[in-house]
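>>> Got a sequence here, can you model it:
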Amino acid sequence: MIFLNLAIKSLKNRALATTLTVISIALSVGLLLSVERAQRAAQEGFTQTISKTDLIVGARSGPLQLILYTVFNMGNATHNVSYESYQEIQKHPAIEWTIPYSLGDSHRGFRVVGTTADFFKHYHYRGDQKVSLHSGHELQDLWDVVIGAEVAHKLGYKLGDSVVIAHGVTKGEGVLKHDRRPFKIAGILNSTGTPLDRSVYVSLEGMEALHMDWQDGAVPSAAKETPVAEIKKENIKIHSITAFFVGAKSRVETLKLQREINEFKAEPLLAIIPGATLSELWQGLSYVENVLRMISWMVLAVGFMGMLIALTTTLNERRREMAILRAVGAGSQQILGLLVFESALLTVVGVVSGTILSFVLAIALKPWLENEFGLYLDGAAITGSELIYIFAAIAAGILIGLIPALRAQKQALKDGLSVRL
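Residues are numbered from 1 along each chain as shown. All right, here's what the predicted structure looks like:
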């Protein structure tokens with residue numbers, strides 16, 4: 001109790017330096033915990049971009065390539081899957097549902113996806129969350145289009161607006177536009193914080209209708225092109241799709257089903273388990289989180305260096321204080337303990353303040369991070385690894401406090417202030 005009173009009075013006497021030291025440590029710890037929480041949210045968001053899907057099937061390529069162009073709208077497929085093969089696999093007794101995906105076109109830099117009503121029924125992300133509409137309705141008419149939340153926000157679209165799709169995947173406006181066959185916005189999706197927000201959805205028939213009358217990839221002239229009014233949804237035949245998602249009736253059957261699809265004889269196909277592939281992909285990006293964590297620890301080290309400098313530079317000013325303590329009977333070990341206790345007190349206050357700061361920032365910035373970056377700060381308030389960081393920071397602060405304490409002990413002995421009986 002005496003140590004505590006002496007330490008508090010000593011720190012109050014150096015209020016400015018004490019406050020700046022605590023703030024430095026608090027900001028460092030707050031940054032470390034915030035980076036750790038953001039990393040955890042990014043990992044969960046990344047690996048939960050798609051959930052409750054047992055397999056993703058596409059043309060034979062690589063697992064990472066397949067998941068990149070189907071889930072993240074990055075890259076392109078090497079080949080398509082024939083619609084006949086898709087229908088044959090769809091009838092497999094172990095399959096409960098499928099979602100076909102047809103890619104290849106874009107709209108002002110956003111990927112266009114051809115799919116069916118099964119997309120709205122069965123696509124899940126972040127656990128049990130399903131795709132839902134903010135306004136409008138699902139794909140009904142041949143020329144209906146449903147857009148993601150980010151597409152609507154960035155392009156200023158609303159229901160009923162016209163959308164002209166461009167041929168090929170481009171980052172800009174597109175070179176070859178299907179301007180004679182525009183779509184109409186029928187629905188706008190709720191924000192998901194996933195690549196769904198940056199996608200434009202049309203029906204498979206709508207995607208096929210865009211390329212009617214094309215011969216060997218050549219664009220037909222206006223005279224040879226079928227008028228829009230004559231194109232009927234029921235008369236369109238689907239020739240191929242890019243990939244499809246599969247939901248198995250039983251998770252136990254997933255590996256067997258995967259092997260059967262990979263050995264499909266009609267054409268070479270690749271079936272992957274999305275969860276396993278996403279985890280593998282995240283491991284490949286782990287160096288980024290390690291760099292961020294290293295930067296945070298370096299900032300924390302700078303904070304402790306500030307504490308060391310503050311404690312060391314005040315030693316000369318405190319020689320009179322040390323002399324009085326020795327005069328009233330305090331031993332050199334007690335002075336050492338007092339200064340270590342002061343540094344421990346500064347460290348604990350700084351670490352606790354930084355932890356509270358990280359909680360406050362997480363609560364205050366949560367809506368903004370979800371809307372702008374798709375980071376959902378859910379889950380445990382503090383994890384085991386974060387507790388280890390907190391205790392490690394406290395231990396480091398105490399050890400650093402030993403440096404000025406040992407120096408003060410030597411100064412007291414050098415001044416010849418030993419107590420004589």
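>>> buried stuff in the one helix or strand Met294 maps to?
If you go by DSSP states H and E, Met294 is part of helix 286-313. Neighbour-count burial for helix 286-313, with 16 or more other C-beta atoms under 10 Å as criterion, is recorded at 289, 292, 296-297, 299-300, 303-304, 306-308, 310-311. Quick note: C-beta positions are derived from backbone N, CA and C, even for glycine.
>>> go on, stretch 384-403?
Per 16+ other C-beta under 10 Å, stretch 384-403 contains these buried residues: 386, 389-390, 393-394, 396-398, 400-401.
>>> Stretch 255-274 now?
257-258, 261, 264, 269-274.
>>> Can you redo the residues you listed as a markdown table, where the extra columns are secondary structure and distance to Val81?
A markdown table is the format used below for the buried residues of stretch 255-274 (DSSP: H, G, I helix; E, B strand; the rest coil; distance: C-beta to C-beta, whole Å):
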| residue | secondary structure | distance to Val81 |
| --- | --- | --- |
| Leu257 | helix | 16 |
| Gln258 | helix | 15 |
| Ile261 | helix | 11 |
| Phe264 | coil | 10 |
| Leu269 | strand | 7 |
| Leu270 | strand | 10 |
| Ala271 | strand | 11 |
| Ile272 | strand | 14 |
| Ile273 | coil | 18 |
| Pro274 | helix | 17 |
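>>> Which one of those residues is nearest to Val71?
The nearest member of the buried residues of stretch 255-274 to Val71, counting by C-beta to C-beta, is Pro274 at 6.9 Å.
>>> How about the contacts made by Tyr69?
The contact partners of Tyr69, by C-beta atoms under 8 Å, 6 or more residues apart in numbering, come to 58, 75-77, 103, 242-243.
>>> Let's see that with 6 Å instead.
75-77 (C-beta atoms under 6 Å, 6 or more residues apart in numbering).
>>> gap between it and Asn80?
Distance, Tyr69 to Asn80, by C-beta to C-beta, to the nearest Å: 12 Å.
>>> Check Leu257 too.
When Leu257 is compared with Asn80 (using C-beta to C-beta), they lie 21 Å apart.
>>> ditto for His167
Distance from His167 to Asn80, by C-beta to C-beta: 15 Å.
>>> One more: Thr383?
43 Å.
>>> which of these two has more neighbours?
Asn80 (19 against 14; other C-beta atoms under 10 Å).
>>> Verify the contact between the more buried one and Ser240 for me.
Yes. In terms of C-beta atoms under 6 Å, Asn80 counts as a neighbour of Ser240; the distance is 3.9 Å.
>>> could you give me the average pLDDT of the helix or strand containing Arg407?
Using DSSP H and E, Arg407 falls within helix 384-414. Mean pLDDT, helix 384-414: 78.
>>> where along the chain do the helices fall?
Along the chain, counting by DSSP state H, helices occupy 2-13, 15-47, 63-71, 83-90, 118-122, 149-155, 204-210, 254-262, 274-284, 286-313, 319-327, 332-373, 384-414.
>>> Select, out of those, the one closest to Leu189.
Here helix 149-155 is closest among the helices of the chain (C-beta to C-beta), at 5.7 Å.
>>> how about stretch 152-166: buried residues?
152, 157, 163, 165-166.
>>> Could you tell me which strand of the protein is the longest one?
strand 95-107 (DSSP state E).
>>> what angle sits between it and helix 254-262?
Taking axes from the mean of the first three to the mean of the last three C-alpha atoms, to 10 degrees, one finds strand 95-107 and helix 254-262 inclined to each other by 60 degrees.
>>> Okay, now the sheet partners of strand 95-107, with direction.
strand 110-115 (antiparallel), strand 166-167 (antiparallel), strand 243-248 (antiparallel) (DSSP bridges).
>>> who wins for proximity to Ser203 among the ones you listed?
Of the strands paired with strand 95-107, nearest to Ser203 by C-beta to C-beta is strand 110-115, at 6.6 Å.
>>> If you rank every helix and strand of this protein by mean pLDDT, what lands last?
When the helices and strands of the chain are scored by mean pLDDT, DSSP states H and E, helix 319-327 comes last with a mean of 63.
>>> Point out where this protein drops to low pLDDT.
1-4, 6-7, 11, 168-175, 213-224, 286, 313-333, 335, 371-380, 408-421 (pLDDT under 70).
>>> rerun at 50
416-421 (pLDDT under 50).
>>> okay, now the domains of it?
2-46+286-414, 55-272 (automatic domain parsing).
>>> which residues does Ala38 contact?
Contacts of Ala38 by C-beta under 6 Å, 6+ apart: none found.
>>> Against Glu280, how distant is it?
In terms of C-beta to C-beta, Ala38 sits 22 Å off from Glu280.
>>> and Trp97, which of the helices of the chain is closest to it?
helix 118-122 (4.9 Å).
>>> can you list contacts of that closest one?
Residues contacting helix 118-122 (C-beta under 6 Å, 6+ apart): 97, 99, 131, 138, 247.
>>> can you do 8 Å?
By C-beta under 8 Å, 6+ apart, helix 118-122 touches 52-53, 97-100, 130-131, 133, 138, 201, 245, 247.
>>> list the buried ones in it?
119-120, 122.
>>> tell me how far the ends of stretch 367-387 are from each other?
25 Å (C-alpha to C-alpha, to the nearest Å).
>>> Give the other helices and strands that the helix holding Arg407 contacts.
helix 15-47, helix 286-313, helix 319-327, helix 332-373 (3 or more C-beta pairs under 8 Å, 6 or more residues apart in numbering; DSSP states H and E).
>>> Cool, thanks, talk later.
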